[in-house]
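Engineer: Sequence plus the predicted model coming up.
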Amino acid sequence: MCGIIAYVGRRPCTDLLYQGLRKLEYRGYDSAGLSVLDNGEVRIVRAVGNLDNLERELKGGDGNGASTGLGHTRWATHGRPSTENAHPHLDCSGRISIVLNGIIENYAVLRDELSGEGHGFRSETDAEVVSHLIEKHYDGDLVEAVRRSIGDIEGHFAFCAVHADHPQLIVGARKECPLMVGVGKDENFIASAIPAFLSETRDVIAIEDGELVAVTPEGVEVLDLELRPVERDVTRVNWDADAAEKGGYETFMRKEIFEQPAALADTLAGRLGGDGMVTLEDINIPDEELAAIDKVYVVACGTSYHAGLVGRYVLEGWARTAVELDIASEFRYRDPVLSPRTLVIGISQSGETADTLVAMRQAKKSGAKVIAITNIMGSQATRDADGVVYTRAGLEIGVAATKTHLAQIAAIQLIALHLARLKGTKPPEELAAISAELHGVPDLLTDYLRRETATREIAKRYFEKPFFLYLGRGIGLPVCLEGALKLKEISYIPTEAYAAGEMKHGPIALLEKGSPVVVVATDGHVYDKVVSNIEEVRAREASVIAVATEGNEQIQSICDDVMYVPRTSEMLSPLLSVVPLQLLAYHIALLKGCNVDQPRNLAKTVTVE
Ligand code: F6R
């Protein structure tokens, strides 16, 4: 989820690129850089940290009169935040420069091949292979070199390249990551998001998947992979700057809910082979030690804890490993039984939650192995843990976690698959089948999100109710806990989430005619039991809103409203069933006039006990 801006025209471009990067700040960054073409040379400036650091580096530098250049804000996925890992990257000759957003899945293979052919690498990033590939394929034609390079790359990406031999040309290419051209007069821009050039032009050409674009001051040529010209209309956007930052969505939370397919695909990218083989690049614990683990202990807070609860089912089911879970603020004041054969997984989106950090440190002191699942490269959790599994959800701005939660579930599923293979608890063909299904979930989710209007209609019927009860069983229970947390934190409506089988032991007393009861009733081995619980709710004349599996028509006869999700195997179902609950909470909160991005009393990162 990095940010790209490129300019070619008649004006000095350093400040234009820098201002473009400022507009991409909302996407997050850990380092940033620019490269400009100046007097037949590529000049490059990079800095770690916020953009003020880059600005300091730029002051009084060379190349301030240059009128072609690239800029980049980095959100690290491969390689820690550092000046060497910041973009732009150069080839060996220093005459080709690139900026990239995305993930090159086969970068390790490409890097070995290119190193074998004599290319020298200066960074730890996957992106740098692109500048060397272009160098390898370049014979005077930059567009052709980019086209050939794309043929070598697996993954999803958007990138821009310049060559000192072509001072007025930028070549862009994309596969699955966004790339927009901003069309000006005697100048043009390319960016990963419209806000980067919105103050300069509102005329936009969207580059589609598998296309290249060659941009000069005079023109924009969109090409397919055979380099045949593609006709593309220019669209005029009328967003204000605020709407542009949200990519046209009304809130960051909504944008982030809709970014979940990408967050999931990115978290899986390059880590899960078709054969079910898992590669977790930063786990840092030898396979023999992982295979000998006899207990997993998950510590986390809030939404991250709910991801851990989902993890219990897959760790037990796939890896046949005993699992304990604790809320970090409780764990730290107990005396948990840990040993060198215990694997403690600390889950924290921010990687800075004080209680989770203390719990992880205590676990390490007791001799357990500690892994962090976090979205922030270089965060404290990554420094305290033995190993890390990064969720690659990109920056989450909405205080209520959505896309990071889904990515956390995927991360713990990857760990469970890895342990299952090392422990031999699942035959390879079953691991391969799970892998194939998991890779299909982002598309299912994209499809689901396209037809989300049903949730809004349901929200309209219930938003004035004073209390919501959530019920689920099995792997549907953590989904309910998460759905109930989302609703209470952004709409301020009191909620209770309960194991459906426990209802008759207390919470059923809360129900009266018309009380909304949200039930996760997706297909699975406890589905019939959930149906019995729905009947108990109906007997109290409460209203049932169910999350059910597509194709289950029968459930409509016992529920007031149904939110259907695509069919998956039971273990993967939370990746889909939590999404209607996020949307239900979202629409109810909006209908009540709440600020969903910044709910009262809450902070995105809780660095105090
Ligand atoms: C709820 C939410 C919080 C966080 C919790 C832990 O939407 O976001 O419950 O999950 O504060 O934060 P991290 O994951 O940063 O440790």
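Structural biologist: Ah, there it is. Numbering: from 1, shown residues only.

Engineer: for residue 297, what are its contacts?
Structural biologist: Contact analysis of residue 297 by C-beta atoms under 8 Å, 6 or more residues apart in numbering lists 323, 324, 325, 326, 336, 338, 342, 343, 344, 345, 363, 368. Backbone N, C-alpha and C define where each C-beta goes, glycine included.

Engineer: phi, psi of it?
Structural biologist: Backbone geometry at residue 297, expressed as degrees, to the nearest 10, gives phi -120, psi 120.

Engineer: That one and residue 322, how far apart?
Structural biologist: Noted for residue 297: a distance of 9 Å to residue 322, by C-beta to C-beta, to the nearest Å.

Engineer: again, but for residue 136
Structural biologist: Distance, residue 136 to residue 322, using C-beta to C-beta: 51 Å.

Engineer: So for the two, which sits in the more crowded spot?
Structural biologist: Neighbour totals were compared for residue 136 and residue 322, and residue 136 leads with 20 against 14 (other C-beta atoms under 10 Å).

Engineer: what's the helix or strand encompassing the more buried one in contact with?
Structural biologist: Assigning secondary structure by DSSP states H and E places residue 136 in helix 128-137. With C-beta under 8 Å, 6+ apart as the test, helix 128-137 has contacts from 89-93, 96-98, 100, 104, 107, 110-111, 114, 117, 119, 121-122, 142, 144-146, 148-149, 152-153, 157, 159, 161, 163.

Engineer: Just the residues you listed: which are in helices?
Structural biologist: 107, 110, 111, 114, 142, 144, 145, 146, 148, 149, 152 (DSSP state H).

Engineer: Quick check: the fifth one touching residue 161?
Structural biologist: So the one you mean is residue 142. Yes - using C-beta atoms under 8 Å, residue 142 is in contact with residue 161, at 6.7 Å.

Engineer: So for the two, which sits in the more crowded spot?
Structural biologist: More crowded of residue 142 and residue 161, by other C-beta under 10 Å: residue 161, with 30 against 20.

Engineer: what's near enough to touch that one?
Structural biologist: 96, 97, 98, 130, 131, 134, 142, 146, 170, 171, 172.

Engineer: about what we covered before: please spell out the ChimeraX selection for the buried subset of the contacts of residue 297.
Structural biologist: Here is the ChimeraX selection string for the buried members of those, based on 16 or more other C-beta atoms under 10 Å:
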select :323,324,325,326,336,338,342,343,344,345,363,368
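
Engineer: With respect to the ligand, which of the contacts of residue 297 is nearest?
Structural biologist: Minimum distance to the ligand across these is 12.6 Å, recorded for residue 345 (C-beta to the nearest ligand atom).

Engineer: The closest one - that's part of a strand, no?
Structural biologist: Yes - Residue 345 forms part of a strand when assessed by DSSP: H, G, I helix; E, B strand; the rest coil.

Engineer: close enough to count as contact, it and residue 308?
Structural biologist: Yes - using C-beta under 8 Å, residue 345 is in contact with residue 308, at 7.0 Å.

Engineer: For the ligand, what is the nearest residue in the chain?
Structural biologist: residue 302 (1.9 Å).

Engineer: quick one: that residue and residue 488 touch, right?
Structural biologist: No - using C-beta under 8 Å, residue 302 is not in contact with residue 488, being 11.4 Å away.

Engineer: which of these two has more neighbours?
Structural biologist: Using other C-beta under 10 Å, the more surrounded residue of residue 302 and residue 488 is residue 302, with 22 against 17.

Engineer: Spatially nearest residue to the more buried one, not counting backbone neighbours?
Structural biologist: Leaving aside its chain neighbours, residue 302 sits nearest to residue 485 (6.8 Å; criterion: C-beta to C-beta, 6 or more residues apart in numbering).

Engineer: So what's the predicted local confidence for that neighbour?
Structural biologist: What the model reports for residue 485 is a pLDDT of 98.

Engineer: what about it, neighbour count?
Structural biologist: Neighbours of residue 485 using other C-beta under 10 Å come to 22.

Engineer: Make sure it is indeed in a helix.
Structural biologist: Yes - assignment of residue 485 by three-state DSSP places it within a helix.

Engineer: can you point me to the longest helix in the chain?
Structural biologist: Max-length helix for the chain by DSSP H is helix 428-450.
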